[in-house]
Structures are given as structure tokens and as C-alpha cells.
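Visitor: My questions concern the predicted model and sequence given below.
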Amino acid sequence: MTGRLRRALLVAVATLGTVLAVAAPGAAATDPAATALAQGDAYVSPRVLGTAAAAEQAALAQLAAALRAEERPVKLAVVLGPVGAPSLQAYARSLAQDLGFGGTLLVTRRGGGVASVGPRSTAEMTVRLREAGVGAIANPVERLARAAEVVAVPLPDGNGRSWRPAATLLLLGLLGGGWAVAMGAGRATRRERRDLAERRARARVRLDALRAHAIGLAGFPGLPDEERRHVQAALGGYAEIVAQAAEARTPAAVEALDARIDEGLATLTGVAERVGAPHPRGDIFAGLCAIDPGHGGATADGVVDGRPGERVCPACEEAAATGRRLSARMVPAGAGAVPFATDGETPQEGGGPVR
């Protein structure tokens, strides 16, 4: 090899190295989830939830803020797929490392489970998520919100221990009730948390139905501008109520939001009646996907939980065609869970749910 050729080769190698070094950060920056989580605590991919992504991201950000106020920091992301990683779990680990985040990072996608990284071990978080039935929640945002409530914990102290639970029990004991009182308070707290989770899940499934009907009406041909403003107002109310439900600290506070959900549904019913579109009077889930009302309008027949003739959305129809078994979204009820359509919504003549 001549000296000139050797020098040319060395220059080419050096140039390639420079290009790769410059390109690497650019490649990482192309991940919108990484960009969003570097600036905030939530990300929802528009390629997963379309026009609803912004409202859903705002709702997750509110939940993250509420958990941060409890000293349980989280970052939450709904992504299309693991960017540059062989699995969602590997992607979550890489993302947490790149962000330098020490709290609980949770990532999910449309039809997958939840990848978790945080102060708890991956094995422990996986068990807790499985016990809570998180994987059975079809809506990815609701799945992520439930996962956060289940596994997010305070950051450990310098010795690697979380001090808040122990300090709370010790304080209760010192106040005169002893460990029996502490344990009783713990059971009451668990019951309230369970009731709060149930109320939130029920409110959320109704809110998802409201959003789906609003999006359907927004695409109704020839919708007048005045009616479109009513639909946009209902969508704006939806985003506010989702945030308020995430911030609520008692079951009663969540239940109090039902009136606003009913108001939004009534607004949409009025618009639909005036323009001659289908409307959700009576059963608010009518016309929506039997797998999950958050999927939107149903367009085809499918077999759901072994029942033929159920109406499903195009995405679920496509999933069924690949051999996937279709199961309805579940909401927590007592010690278990029930399909969303059997809990909290009973059609009545003249419209509106019976509670």
C-alpha cells in the first residue's frame, strides 16, 4: 500500500468516525418519547391514539404530577414500539438510563404489556402488575395509569430503603394505638385505595366513551361550525375531567365528576339530534367497539370473549383476523374485575345511565 493510499484510507476512516459520532445523538433525538420525557413526565404517541393523543398526554401528566406530590415520581409513555431496542423492557431500561431518572418509568404500547423500571426490582413490579390485572386493560393510557398507581413508590433514602411506610407505622404506634391500630389503619387505607381505583376506572371508561362519540361527531359530514364548537367544548371538558379524576384523593371526589360527564354526553346527544347523526342516548357504549369504547366506532362483527355477533372496531377486526382472541376491557370491582359494559351503565328509556 503506497503512502498516499494509506493517508487517504486514514482520512476516510477518521471522517466516517466523525460522521457516526455526530449522527448518534441525532438518531437518539429522533425518539419523540425520549424528547418529551426529558422535558416532562408523560408522552402519548399520536401514531397510537391519533387526535386524542394530546388530551391523553395531558391527563397522564396530571397523574404524574399527583404522584410526584406524593413523593412517588413517575414518567409515563405510550409508544408505537421500542425504538432501537429488541424489546419494550430493554427500551424502557435504556430510556431510564438516558434520562438519568431514578423514579419509576413505565412504558406501554397499543397491544402490549407494561415495561417497568424503577426502585423496585423488575420481577417484583411484574408480579404486582400481574396481580392487579393491568395486562387485561385494553386502553393503553388506562393501562399505564393503573400500572403507575400499582408500582410507583417513593425514592429510597441513602441506604436504599423507602422510609415513608415505616415512619407512618411507627408514628401511628407512638400516638397510642400500637401496631394493631397501625395495621387497622393500613387495611382501611387499602380499602379506600381500592375503592378509589374502582371509581377512577368507571369514570375513565365513561370518559373514553364520551371522547369516542365526540371524535365521531367531529368527523360527521357537513357538521356546522356552531355544532363543532359544542363538540370541541365536550372534548375540552373531557380533558379537564380526566385530569381531575387523576388528582382526586377520595372515591366521593371521583363520583362527584359523574355530573360533568353526563353534561358532556348530553351536549353530544343534542348535537347528534340536531344534525341527524347517531347519538349515545340510553346506552353510552352503543355504536362503540365492544372490546374497548376508547377504540371508537364499531364497524364489523366479531367474537368477543367467546360471544359471536359483537360489534368491533377495524383494529380489533384486523387483530382477530390474525388469530388473536378478543377480550373486553375490564374494570376493577371488589376483589376482581368485570367487563366494562356490565358495570355502571344500564340503558333506560329516554336516555341516561341508571346508577
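Guide: The structure has been received and is ready for your questions. Numbers count the residues shown, from 1 in each chain.

Visitor: what ranges do the helices span in the protein?
Guide: Taking DSSP state H as the criterion, the chain carries its helices at 3-29, 32-39, 46-49, 53-69, 88-99, 122-131, 140-151, 164-172, 178-218, 225-247, 251-255, 258-275, 314-321.

Visitor: Quick check: which of those helices is nearest to A290?
Guide: Between A290 and the helices of the chain, the tightest spacing by CB to CB is seen for helix 314-321, at 8.2 Å. To be clear about C-beta, it is placed using only N, CA and C from the backbone, and glycine gets the same treatment.

Visitor: who's in contact with L265?
Guide: L265 sits next to A209, L210, H213, P280, I284 when contact means CB atoms under 8 Å, 6 or more residues apart in numbering.

Visitor: Nearest residue to the middle of this protein?
Guide: Geometric centre of the chain, nearest residue: V141, 1.5 Å, by CA atoms, centre = their mean.

Visitor: distance of that residue from A64?
Guide: In this structure, V141 and A64 are 12 Å apart, going by CB to CB, to the nearest Å.

Visitor: what's the neighbour count on E318?
Guide: Neighbouring residues of E318 were enumerated by other CB atoms under 10 Å; the total is 12.

Visitor: what pLDDT does it get?
Guide: Per-residue confidence (pLDDT) for E318: 85.

Visitor: Count the residues that sit near E273.
Guide: Counted with other CB under 10 Å, residues neighbouring E273 total 11.

Visitor: give the contact list for A55.
Guide: Each residue near A55 by CB under 8 Å, 6+ apart is listed here: R211, L235, Y238, A239, V242.

Visitor: Surely the residue nearest to the centre of the chain is in contact with A58?
Guide: No - counting by CB atoms under 8 Å, V141 does not reach A58; the two are 10.8 Å apart.

Visitor: for the spatially closest residue to G237 that is not a sequence neighbour, what are its contacts?
Guide: Residue nearest to G237 in three dimensions, not counting chain neighbours: G264, with 4.8 Å by CB to CB, 6 or more residues apart in numbering. By CB under 8 Å, 6+ apart, G264 lies in contact with L210, A214, A234, G237, Y238, I241.

Visitor: go with 7 Å
Guide: When contacts are counted by CB atoms under 7 Å, 6 or more residues apart in numbering, G264 touches L210, A234, G237, Y238.

Visitor: what's the closest of those residues to C313?
Guide: Nearest to C313 out of the contacts of G264 is L210 (CB to CB; 16.5 Å).

Visitor: Tell me, what's the model's pLDDT at the closest one?
Guide: Reading off the model, L210 has pLDDT 89.

Visitor: again, but for Q57
Guide: 86.

Visitor: So how do I select the buried members of the contacts of L265 in PyMOL?
Guide: If you want just the buried ones from those in PyMOL, going by 16 or more other CB atoms under 10 Å, the selection is:
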select buried, resi 209+210+213+280+284
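
Visitor: The nearest residue to P82 once chain neighbours are set aside - how many residues pack around it?
Guide: Of all residues beyond its chain neighbours, the one nearest P82 is Y91 (3.5 Å), with distances taken as CB to CB, 6+ apart. Applying other CB under 10 Å, we find 24 other residues in the vicinity of Y91.

Visitor: Hmm, A85 and Y91 touching each other?
Guide: Yes - contact criterion CB atoms under 7 Å: Y91 and A85 qualify, at 3.7 Å.

Visitor: circling back: ok, and the closest non-adjacent residue to the residue nearest to the centre of the chain?
Guide: In space, V141 is closest to E56, 4.7 Å off (CB to CB, 6+ apart).

Visitor: is it true that that neighbour touches L49?
Guide: Yes - the criterion here is CB under 7 Å, and E56 meets it with L49 at 5.6 Å.

Visitor: Would you mind telling me which of the two has the busier surroundings?
Guide: Applying other CB under 10 Å to E56 and L49 shows that E56 carries more neighbours, namely 29 against 20.

Visitor: what separates that one from D195, distance-wise?
Guide: Distance, E56 to D195, using CB to CB: 24 Å.

Visitor: can you check G118 too?
Guide: The value you get for G118 to D195, if CB to CB is used, is 26 Å.

Visitor: neighbour count winner among those two?
Guide: More crowded of G118 and D195, by other CB under 10 Å: G118, with 24 against 17.

Visitor: rewinding a little: please report the distance of the residue nearest to P82 from V107.
Guide: Distance, Y91 to V107, using CB to CB: 7 Å.

Visitor: Can you pull the residues that touch both of the two?
Guide: Common contacts of Y91 and V107 (CB under 7 Å, 6+ apart): A115.

Visitor: what sits against the residue nearest to P82?
Guide: Taking CB under 7 Å, 6+ apart, we find Y91 in contact with P82, V83, A85, V107, A115.

Visitor: State the pLDDT value of it.
Guide: 92.

Visitor: and if you look at L37?
Guide: On the pLDDT scale, L37 is placed at 91.

Visitor: Same question for G236.
Guide: 84.

Visitor: what's the answer for R355, then?
Guide: Here, the pLDDT recorded for R355 equals 25.

Visitor: so R274 touches E227, yeah?
Guide: Yes - the criterion here is CB under 7 Å, and R274 meets it with E227 at 6.5 Å.

Visitor: Counting neighbours, go ahead and name the busier of the two.
Guide: Shown here are R274 and E227; by other CB under 10 Å, E227 has more neighbours (19 against 13).

Visitor: Next up, the contacts around the more buried one.
Guide: Residues in contact with E227 (CB under 7 Å, 6+ apart) are V271, R274, V275.
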